[in-house]
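Peer 1: quick one, structure for this:
(chains A and B)
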Protein chains: 2
Amino acid sequence: MGHGVVGGGVAEIIATHKQKLFSAVGEEIYIKHILDLREFPDSPFADRFTKNFEDISNDIEVRIVVETMGGLHPSYEYVKECLSKGKSVVTSNKELVAAYGAELLQIATEQNANFLFEASVGGGIPIIRPMNQCLVANNVSEIAGILNGTTNFILTKMIRENMSFEKALKLAQELGYAERNPAADVEGHDACRKICILASLAYGKHIYPDAVTTQGITDITLEDVEYASIWGGVIKLIGTVKKVDKDTIDIIVAPMFVPMNSQLANIDDVFNGIMVRGDCTGDVVFYGKGAGKLPTASAVVADMIDCVKHLKARKHLFWVDSDNSSVLPAEKSVTAMFVRGVANNKIDAYYKAKDAFGEIHILHKASEPENEFAFITEPMTVAEIDAKLGELAEEGIKVISKIRIGDL
Amino acid sequence: MGHGVVGGGVAEIIATHKQKLFSAVGEEIYIKHILDLREFPDSPFADRFTKNFEDISNDIEVRIVVETMGGLHPSYEYVKECLSKGKSVVTSNKELVAAYGAELLQIATEQNANFLFEASVGGGIPIIRPMNQCLVANNVSEIAGILNGTTNFILTKMIRENMSFEKALKLAQELGYAERNPAADVEGHDACRKICILASLAYGKHIYPDAVTTQGITDITLEDVEYASIWGGVIKLIGTVKKVDKDTIDIIVAPMFVPMNSQLANIDDVFNGIMVRGDCTGDVVFYGKGAGKLPTASAVVADMIDCVKHLKARKHLFWVDSDNSSVLPAEKSVTAMFVRGVANNKIDAYYKAKDAFGEIHILHKASEPENEFAFITEPMTVAEIDAKLGELAEEGIKVISKIRIGDL
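Peer 2: The predicted structure is shown next:
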C-alpha cells in the first residue's frame, strides 16, 4: 500500500534481489497488488496496481501487507483492517506506530499475525530487532540517539562550515534532505516519534508523542555552536529515554551539548546513530543512514521475510497501552544546563549566577561581546534551573539560550 | 558446558534476570546441568554440577545446550554429539565456529535443531542476527571491523600516550585485557576467526582461518603511529572481507592506516566496531564491548531465548562447506601501501621510488632521521608492490615498515 519513495524501493528490491531473497526464505515473495491512486504504466508491476483497498483486504491469498503510505489516515484504518483479517503487516510509518502501536500490536496478537516496523526507526539501521532479540537479556537503563538525518545535516553544516541555520536548512531543502515544510524535522516531531517507539519497546508500555517534551533546533545559533566547541563538544538533536525508577522514565527530545568523546559526537551529516545502554552489554551503538529509499526499503523487505518465516508462529514483539503516567514531568528532569545571555555588568552577572547556582563553569569565547555571559550549571532539576534563572531575570540578567548538557 | 567467565555469566544472568527472561519467552529457562571439572560449592546452582558429559547428552529433557568451554577439544565432540541427538546448541566459542561451523550447521539442519553463536563475534554487540535477518535484503559488498579489543587497547595507548608496544601489552596484561600468552590476540588469530565467521555468513561458504593472510600488530612501532597521524589517520588492526566478483572474495587481517573520518577511526580502547557495507543500506556500523563476562553472556542468553522460541521451526542460519577456493590469493589483493625505510641518499630514494611506483605521496615528520623515508603508494596489487620494493632493495633502499591503507 503506497508506491512512493519507500514503497517503490520495496518493489525494486523484490525485483532486483530475487535470488538472494529466495535463498533466505526458501520460496518466492510475490507481489500480488500495489495500492496507489496514481498511475505507473512503466513499472514492471504495472499489471498489479489497484486503486481499491478492498482488492487487498478481501484477497485471502494475500498473507503479508506492506504499508508505506505514511500519515495517519487512511493508513491506520487500512492496517487495522488487514490485521483484523489475520494478515501480517509491515510498515515504515513511524507516525502510525507512535500513534497506534499498542492497539495494532494487540490486534496482531489476537489474530496470531505479525505487525513489524523495523524501518520506522533508523531506516536501514537495524535497531528494533536487535533491541527486541539480541539485547533481550539486558535491563536497558537508557537509549539516546541522533534520530533525524535532516536536523543532523543542518547542525553539521552549522558546526563545520559556520553556516547559519536558515542557510543550512535551505541547502538541505535543495538537496532533497528536507521537505518544503520542514516543521516535522526541525521542530523535533520526527525524532520524538522514533524515541517513543524505542521507549515503548524497551519498557513495554506505549509512550505517546504528545506526552514528550519536544524541542527542535530552530533556536540554535552559531554562537551556541561556538560555545559548545569551547566547552569541548558539539550540539546534536538528541532523543533520549532513561529509566528513573521502576515506574518512571525520563524521556525528552532536545538539542544537547554532546562531549567529543561520546560515540554520538562523530555522527555527522544525514547519518543517524542510536546508543542503547544495557546492564550487561554496556553501551552498544548502531550507526548508518536513517532514511532514504533503499535503506528504508531494505528494512521493510527484511521484515517481510521475517513474516514469511513466522506465518504460523508469531514473533514476540509487543507492548501494552498506557496513559503516559510513567513519563516524568519535564520540570523534574535532572540535567546540567548551558546558559547564555546578556547583562549590563557581566562580572556582576557571574557573581549573581554563582550565588544562585552554587558552582558554575564559565565559558569564554575569543571575541565575546562586552555584555554577553555564558556558563554551565551543575546537574539539577529543570524546575530549579528555571526558578534560579527567574531570580536572575529580576535583576536584569537576561537569558538568550538554554541548552541541555547531554550525559552521553 | 563450561562454568568459566562466560559460562558463569550465563548462569548469573539467568538467575538475576528471571522476570525479564520469563516475559520474553513465556516460560522459565531452567538450568538442569552444569558441566565443569572444577567444584563450585558456593554457586546457587551447586546441586546441578556434573563432571560427566553423558549426564547432559543422554538427558532427553535437555533441549538446549550452552557451550562456553572454549578451545576445540572436547568442545567439538561434545557439540557434535548434542546436535546429533537433536538438541539445540548455543556457543560463544569462535575457534569452534571458525573451524567446524559448516559441519555443525549441517548436522543442526539435518536434526531440525538450532546452532547459534551470536556471542562468538563481537561479544555483546549484536552482529550475527542483524546480518542474517535485518540486512538479508542486501548484497554485502564489504565487511570491515575492529574485531579484537586487546589489540585495539594496545594501539590506542600507542596512539594517544605514545606508549611502546611492549609497555602497552604489559599494561593490557596487568589490567586483565591480555592473556599471559598474548599470541592469539596480538598476532591477529582471534580477529581472523571472527572475520572468517562473518565472511562465511555473508557469502554462504565456509572460509577457514588458515586460508586467510593474517598479520598482527607486533611489528607496529611508534614511528608508524606518528606517520599515520601525519597522513591524517590512525593505525587499527582490521579484519576485512570484500567481494571481488561472483566467485571471489578478498579477505585479510592486518594493521591498516584508517582515515580519521572513517567511523572505525574513533573506536578506541577495548571497544570493537564492525562496518557492513550493503548495496541497499550503505554503511551500517555496530559498536560496543566485544568481550567481557556479561556482554558475552547476555548474547549467549539471547540465543538461548531464540532457541526456546524456535524449538520446532529452525532459524535459517546456514552456510555450506568449501575448499577456500573463493579466497583471492594475498598477492593479488589490491591496496595502497604505506612504506617506510632507510636509504643513504633520501632524495635519491624518493626519485627511485617515483620511478618504480609512478605517483607517490611523501610523508615528512618533524624530527625525521637523516636517512629515513616514508611514502604512500597508489593502489595496486601486493605482488606489484613487493616486486617494486624488491627493485629498490637492490639499490640499497631498505624497507622497514609496510602497512596497508584501509579503504574504509
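Peer 1: drop to CA atoms for contacts and neighbour counts, all remaining ones
Peer 2: Noted.
Peer 1: can the helix or strand of chain A with the lowest mean pLDDT be said to contact chain B?
Peer 2: In chain A, no helix or strand scores lower on mean pLDDT, DSSP states H and E than helix A:18-25, which sits at a mean of 88. Yes: Helix A:18-25 comes into contact with chain B when judged by CA under 8 Å from any CA of the partner chain, the residues involved being A:20-21, A:24.
Peer 1: elements contacting that helix?
Peer 2: helix A:293-309 (3 or more CA pairs under 8 Å, 6 or more residues apart in numbering or on different chains; DSSP states H and E).
Peer 1: and the contacts of the helix it packs on?
Peer 2: Counting contacts by CA atoms under 8 Å, 6 or more residues apart in numbering or on different chains, the residues outside helix A:293-309 that touch it are A:5-7, A:9-10, A:13-14, A:21, A:24-25, A:64, A:66, A:88, A:90-92, A:114, A:116-119, A:123-126, A:289-290, B:133-138, B:280-282.
Peer 1: please parse chain A into its domains.
Peer 2: Taking automatic domain parsing as the criterion, chain A consists of the domains A:5-123+A:294-309, A:128-290, A:331-405.
Peer 1: what would those look like in TSV with mean neighbour count?
Peer 2: Listed next are these as TSV, based on neighbours: other CA atoms under 10 Å in any protein chain shown:
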stretch	mean neighbour count
domain A:5-123+A:294-309	20
domain A:128-290	22
domain A:331-405	16
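Peer 1: could the ones you listed go into JSON lines alongside distance to residue B:70?
Peer 2: Formatted as JSON lines, the domains of chain A follow (distance: least, CA to CA, whole Å):
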{"stretch": "domain A:5-123+A:294-309", "distance to residue B:70": "30"}
{"stretch": "domain A:128-290", "distance to residue B:70": "20"}
{"stretch": "domain A:331-405", "distance to residue B:70": "44"}
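Peer 1: any idea how far the least confident helix or strand of chain A is from the chain center?
Peer 2: Distance of helix A:18-25 from its chain centroid, counting by CA atoms, centre = their mean, to the nearest Å, is 31 Å.
Peer 1: how about the CA coordinates for it, as CSV?
Peer 2: As requested, C-alpha coordinates have been extracted for helix A:18-25 and formatted as CSV (Å, rounded to 0.1, in the frame of the first residue of the first chain):
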residue,chain,number,x,y,z
LYS,A,18,15.1,-12.2,-6.2
GLN,A,19,17.7,-14.9,-5.9
LYS,A,20,19.1,-13.5,-2.6
LEU,A,21,15.5,-13.4,-1.1
PHE,A,22,14.6,-16.8,-2.4
SER,A,23,17.6,-18.4,-0.7
ALA,A,24,16.8,-16.6,2.5
VAL,A,25,13.1,-17.6,2.5
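Peer 1: mind listing the strands the next helix or strand after that helix pairs with, and their directions?
Peer 2: Scanning the chain past helix A:18-25 towards its C-terminal end, the next helix or strand to appear is strand A:34-35 (assignment: DSSP states H and E). Strand A:34-35 sits in its sheet next to strand A:49-50 (parallel), going by DSSP bridges.
Peer 1: what's the strand it pairs with in contact with?
Peer 2: With CA under 8 Å, 6+ apart as the criterion, strand A:49-50 contacts A:33-37, A:39-40.
Peer 1: same question for stretch A:21-28.
Peer 2: Contacts of stretch A:21-28 (CA under 8 Å, 6+ apart): A:14, A:18, A:29, A:305, A:308-309, B:136-137, B:316.
Peer 1: again with stretch A:185-196
Peer 2: Contacting residues not belonging to stretch A:185-196 are listed as A:94-95, A:98, A:120-121, A:145-148, A:150-151, A:178, A:183-184, A:206-209, A:212, A:214-218, A:237-241, A:252-254 [CA under 8 Å, 6+ apart].
Peer 1: identify those among those that sit within helices.
Peer 2: Secondary structure assignment (DSSP state H) places A:94-95, A:98, A:150-151, A:183-184 from the contacts of stretch A:185-196 within helices.
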